[in-house]
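[1] Show me the folded form of this:
(one chain, ligands or ions: 1)
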Amino acid sequence: MISREKHDRMANAIRFLSMDAVEKANSGHPGLPMGAADIATVLFTRFMTFDPKAPSWPNRDRFVLSAGHGSMLLYSLLYLTGYEDITIDEIKNFRQLGAKTAGHPEYGHAAGIETTTGPLGQGIANAVGMAIAERKLRDEFGSDLMEHYTYVLAGDGCLMEGISQEAIALAGHLKLNKLIVFWDDNNISIDGPISIADSTDQHARFRASQWNTIAVDGHDPEAIAAAVEQAQKSDKPTMIACKTVIGWGAPNKAGTHKVHGSPLGADEIAATRKALNWDAEAFSVPSDVLDAWRLAGLRSTKAHKEWQERLEKADPEKKAQFVRRFAGDLESGLDSAISAYKRKLAETKPNPATRKASEDALEVINGVLQETIGGSADLTGSNNTKTSQTKSITPDDFSGRYIHYGVREHGMAAAMNGMALHGGLIPYSGGFLIFSDYCRPSIRLAALMGIRVIHVLTHDSIGLGEDGPTHQPVEQMAALRAIPNLMMFRPADATETAECWQLALEHKDRPSGIALTRQNLMAVRTEFEEQNLCAKGAYDLISSADAKVTIFATGSEVEIAVKAHEALTAKGISTRVVSVPCFELFYEQPEAYQKAIIGNSPVKIAVEAGIRQGWDHIIGSDGTFIGMSSFGASGPYKELYKHFGITPEAVVAAAEAKLG
Ligand SMILES: Cc1ncc(C[n+]2csc(CCOP(=O)(O)OP(=O)(O)O)c2C)c(N)n1
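    Next comes the predicted model:
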């Protein structure tokens with residue numbers, strides 16, 4: 001039992017580390033760590049199950065600092081509880097180049113940072129994914145190996161962001177009762193009091209989404225502890241509204257927006273030291289306080305050891321599966337299954353839409369991998385993401401492998417990030433390529449964090465037809481290709497689709513998007529190749545020595561390139577066709593390979609039913625681009641291709657015009 005006096009000193013250690021680090025960096029946000037220090041102290045000294053010496057222990061409780069600007073709260077906790085990555089020097093180096101203590105918590109910089117936060121609202125939505133993963137894996141592996149809580153600290157900003165509603169609604173629907181959110185209810189954001197911009201009754205809002213809510217004084221440790229105990233017994237997710245004072249302890253600035261995002265200044269820090277009776281110098285934590293914190297860090301050592309023993313004693317197959325999946329490795333049988341499937345495709349040469357080809361590839365993949373967890377933002381029949389193995393998950397039955405995310409692209413993408421971060425699962429799910437704009441912030445964070453999430457993005461061009469320009473992506477491929485570390489695939493037929501899926505799965509440290517058609521496409525890969533030809537991003541589909549014309553194309557337009565090739569060859573014009581399923585992988589190839597693929601044909605033409613941006617690297621600024629330069633239109637797709645001039649005839653005419 002921690003006395004009130006000890007609690008106060010432990011919480012004050014967070015406060016002083018935070019205000020001193022922000023002061024030294026001359027940048028950062030002291031208000032939140034000072035205001036939320038009591039909540040964090042109660043959580044980490046009495047409830048959190050975690051082992052600083054084994055930060056990736058799969059069954060640890062997760063703590064997500066959704067209000068990422070308050071990063072010093074997390075860094076203080078990690079230092080105080082004894083995570084080796086966060087030393088006092090790292091705290092002193094807060095916000096400096098190369099420090100683990102970046103401005104906002106960055107996943108991968110230091111153990112103990114469960115996700116990258118900063119874009120408000122993302123953290124709470126990631127946490128929903130983590131809680132889904134916990135629930136799913138508990139169902140699969142049993143409580144012996146998986147049963148933990150997911151805690152979140154969210155601020156007013158997180159709750160004002162729209163994504164939080166998608167996340168909250170999903171969590172409430174799925175009855176994720178091991179998800180506990182602390183709302184740092186301090187009534188302050190950057191512009192001033194919350195009342196200038198928001199009048200939401202947060203309790204009513206959460207309750208309407210099937211949450212349990214509790215209100216406490218966020219500076220009363222016993223009240224906070226009682227609330228957590230109550231929350232842990234709930235059959236619904238719980239939001240604990242903690243009334244706090246931002247910058248608590250600073251005599252003149254507490255409670256004002258002045259402490260939100262600026263250093264307190266030497267005078268105010270001195271006044272705070274006096275007010276809180278804190279003699280220790282900056283960055284020095286009194287030994288009794290540090291000892292108490294380090295003891296708190298040892299609280300779960302026994303629980304971890306017992307868990308390890310249970311894992312050792314588990315059925316060997318179950319244990320192997322658990323360990324493999326948390327290592328992120330794939331089942332060894334995947335390659336041969338995909339190879340066999342490709343062999344069949346080469347024999348039958350089917351011509352499905354690539355969205356259907358993706359479903360067929362997934363049928364093979366989901367048969368081999370138990371860890372894939374599918375879903376769609378209410379477009380299951382359009383995205384073709386559900387296979388025979390993926391029964392729907394329901395609030396009371398998590399034995400399935402498919403999530404109906406509802407019409408919530410942003411929440412879905414953030415939840416997928418949370419599942420991937422949790423470990424043990426590979427989330428993939430579906431939406432329309434056009435609405436990737438709705439999930440872009442989460443896709444960007446997946447790329448920044450380097451995590452494996454796979455977005456099936458169907459209806460990938462004007463080829464979707466009658467739904468018209470609101471639904472026809474034009475600039476989305478280019479926009480997604482602009483995100484570093486994201487692999488954007490646009491396969492041309494069933495074989496390429498299988499290969500792109502294989503690549504997306506194999507890269508465990510980066511996310512992927514797979515752009516797929518609504519319309520049927522002819523098979524362009526007609527011979528069996530053991531090798532994954534898409535792995536280099538671009539390859540010779542039809543070679544020709546001394547080609548006068550090289551046509552580069554992706555996805556549905558490869559068929560157009562192949563037909564143009566036939567026509568040009570018939571006219572005696574030697575022509576090459578290069579399929580470019582993935583720009584990113586192509587640009588990662590050795591220069592010699594890139595040069596050889598780009599080649600030196602006098603005429604280079606790219607065909608893609610999207611904008612030109614990004615293609616000049618391949619075709620040169622003097623190359624010919626056949627694609628879109630405006631929004632699309634509503635009409636039958638074949639007519640649209642003609643209307644916008646994306647046809648084999650247009651390619652032939654352009655080649656001939658260039659050749660003169
Ligand atoms: C999506 C997004 N928009 C804007 C910001 C910039 N921003 C950082 S903190 C903040 C205010 C947050 O207020 P609150 O959550 O109440 O935090 P507190 O003032 O209590 O620290 C804003 C607008 C951001 N980080 N993310």
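
[2] For the stretch 101-250 of the chain, what lies in contact range of the ligand?
    Residues of the stretch 101-250 of the chain lying close to the ligand by CB under 6 Å from any ligand atom are 118-120, 155-158, 161, 184, 186, 188-190, 246. (Glycine included, C-beta is placed from N, CA and C.)

[3] Can you tell me which of the residues you listed lies closest to F528?
    P119 (45.0 Å; CB to CB).

[4] In terms of helices and strands, where is N600?
    Taking DSSP states H and E as the definition, N600 sits outside all helices and strands.

[5] Same check on A413?
    Remark: A413 resides in helix 409-422, with elements defined by DSSP H and E.

[6] Next, count neighbours for G513.
    For G513, the neighbour count with other CB atoms under 10 Å is 29.

[7] Could you measure from the closest residue to the ligand within the stretch 101-250 of the chain over to D217?
    Using CB to the nearest ligand atom, G155 is the residue of the stretch 101-250 of the chain that sits closest to the ligand, at 2.5 Å. Taken as CB to CB, to the nearest Å, the spacing of G155 relative to D217 amounts to 17 Å.

[8] And the two? Which one has more around it.
    Between G155 and D217, counted using other CB under 10 Å, the more crowded position is G155 (32 against 14).

[9] ok, so what distance separates the more buried one from G112?
    Summarising the geometry, the distance separating G155 from G112, computed by CB to CB, is 20 Å.

[10] for G627, same thing?
    In this structure, G627 and G112 are separated by 46 Å, where distance is defined by CB to CB.

[11] cool, F47 as well?
    Counting by CB to CB - F47 and G112 are separated by 16 Å.

[12] neighbour count winner among these two?
    Set side by side, F47 and G112 show unequal neighbour counts under other CB under 10 Å, the larger going to G112 at 24 against 19.

[13] who touches the more buried one in this structure?
    G112 makes contact with 52, 55, 74, 77-78, 83, 85-86 under the criterion CB atoms under 8 Å, 6 or more residues apart in numbering.

[14] Please export the C-alpha coordinates of the helix or strand where R355 lies as CSV.
    Secondary structure assigned from DSSP H and E places R355 in helix 354-368. Extracted in CSV, the C-alpha atoms of helix 354-368 (Å, rounded to 0.1, in the frame of the first residue of the first chain):
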residue,chain,number,x,y,z
THR,A,354,-8.5,-8.5,-59.6
ARG,A,355,-10.7,-8.0,-56.5
LYS,A,356,-12.1,-11.5,-57.2
ALA,A,357,-8.5,-12.7,-57.8
SER,A,358,-7.6,-11.3,-54.5
GLU,A,359,-10.4,-13.3,-52.8
ASP,A,360,-9.1,-16.4,-54.5
ALA,A,361,-5.5,-15.7,-53.4
LEU,A,362,-6.8,-15.0,-49.9
GLU,A,363,-8.7,-18.3,-49.9
VAL,A,364,-5.2,-20.0,-50.3
ILE,A,365,-3.5,-17.7,-47.8
ASN,A,366,-6.2,-17.9,-45.1
GLY,A,367,-6.1,-21.7,-45.4
VAL,A,368,-2.4,-21.7,-44.5
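
[15] what about it, distance to the chain center?
    22 Å (CA atoms, centre = their mean, to the nearest Å).

[16] need the contact list for the residue of the stretch 101-250 of the chain closest to the ligand.
    32, 66-67, 70, 120, 183-184, 186, 189.

[17] In helices, which of these fall?
    When DSSP state H defines the helices, the subset of the contacts of G155 inside them is L32.

[18] Let's have the contacts of G155 in a markdown table, adding neighbour count, pLDDT and distance to L170.
    Putting the contacts of G155 into a markdown table (neighbours: other CB atoms under 10 Å; pLDDT from 0 to 100; distance: CB to CB, whole Å) gives the following:
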| residue | neighbour count | pLDDT | distance to L170 |
| --- | --- | --- | --- |
| L32 | 29 | 98 | 26 |
| S66 | 31 | 98 | 15 |
| A67 | 31 | 98 | 20 |
| G70 | 29 | 98 | 25 |
| L120 | 22 | 98 | 18 |
| W183 | 28 | 98 | 18 |
| D184 | 28 | 98 | 22 |
| N186 | 26 | 98 | 26 |
| S189 | 20 | 95 | 25 |
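
[19] Would you map the helices across the stretch 201-350 of the chain?
    202-208, 221-233, 266-275, 287-297, 301-313, 316-327, 334-348 (DSSP state H, counting those that start in this stretch).

[20] so does the longest helix seen in the chain get close to the ligand?
    Assignment by DSSP H gives helix 4-25 as the longest helix of the chain. No - contact of helix 4-25 with the ligand (CB under 6 Å from any ligand atom) is absent, the minimum separation being 11.6 Å.

[21] got the buried residues for that helix?
    Residues of helix 4-25 classed as buried under the neighbour-count rule (16 or more other CB atoms under 10 Å) are 7-25.

[22] Could you do stretch 313-330 as well?
    Of the residues in stretch 313-330, those scored as buried under the neighbour-count criterion (16+ other CB under 10 Å) are 314, 319, 321-322, 324-326, 330.

[23] And A320, how far from L311?
    As for A320, its distance to L311 is 11 Å (criterion: CB to CB).

[24] actually L290, not the one I typed
    32 Å.

[25] thinking again about what came up before, including distance to the ligand, could the buried residues of stretch 313-330 go into a markdown table?
    As requested, the buried residues of stretch 313-330 are arranged in a markdown table below (distance: CB to the nearest ligand atom, whole Å):
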| residue | distance to the ligand |
| --- | --- |
| A314 | 42 |
| K319 | 41 |
| Q321 | 38 |
| F322 | 36 |
| R324 | 36 |
| R325 | 32 |
| F326 | 31 |
| L330 | 34 |
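
[26] Between these, which sits nearest N126?
    Using CB to CB, F326 comes nearest to N126 of these, at 17.9 Å.

[27] residue contacts, the closest one?
    Listed by CB under 8 Å, 6+ apart, the contact set of F326 reads 56, 58, 423-424.

[28] repeat for L379
    With CB under 8 Å, 6+ apart, L379 has these contacts: 430-432, 458.

[29] for G430, phi and psi?
    Backbone geometry at G430, expressed as degrees, to the nearest 10, gives phi -120, psi 150.

[30] is it true that P105 touches H69?
    No - with the criterion set as CB atoms under 8 Å, P105 and H69 do not qualify as a contacting pair; they are 9.7 Å apart.

[31] Who has more neighbours out of the two?
    Neighbours were counted for P105 and for H69 using other CB under 10 Å; P105 has more, 28 against 23.

[32] Next up, the contacts around the more buried one.
    The neighbourhood of P105, defined by CB under 8 Å, 6+ apart, consists of 65, 68, 71, 74-75, 113, 115-118.

[33] what's the helix or strand harbouring A446 packed up against?
    Under DSSP H and E, the secondary-structure element containing A446 is helix 436-449. Contact analysis of helix 436-449 by 3 or more CB pairs under 8 Å, 6 or more residues apart in numbering; DSSP states H and E lists helix 122-141, helix 409-422, strand 454-458, helix 476-481 as its packing neighbours.

[34] what's the average pLDDT for it?
    Model confidence over helix 436-449, given as mean pLDDT, is 98.

[35] Please work out which residues outside that helix touch it.
    Identification of contacts with helix 436-449 by CB under 8 Å, 6+ apart yields 106-108, 115-116, 119, 122, 125, 163, 409-410, 412-414, 416-417, 420-421, 431, 453, 455, 457, 473, 476, 479-480, 483-486, 510-511, 513.
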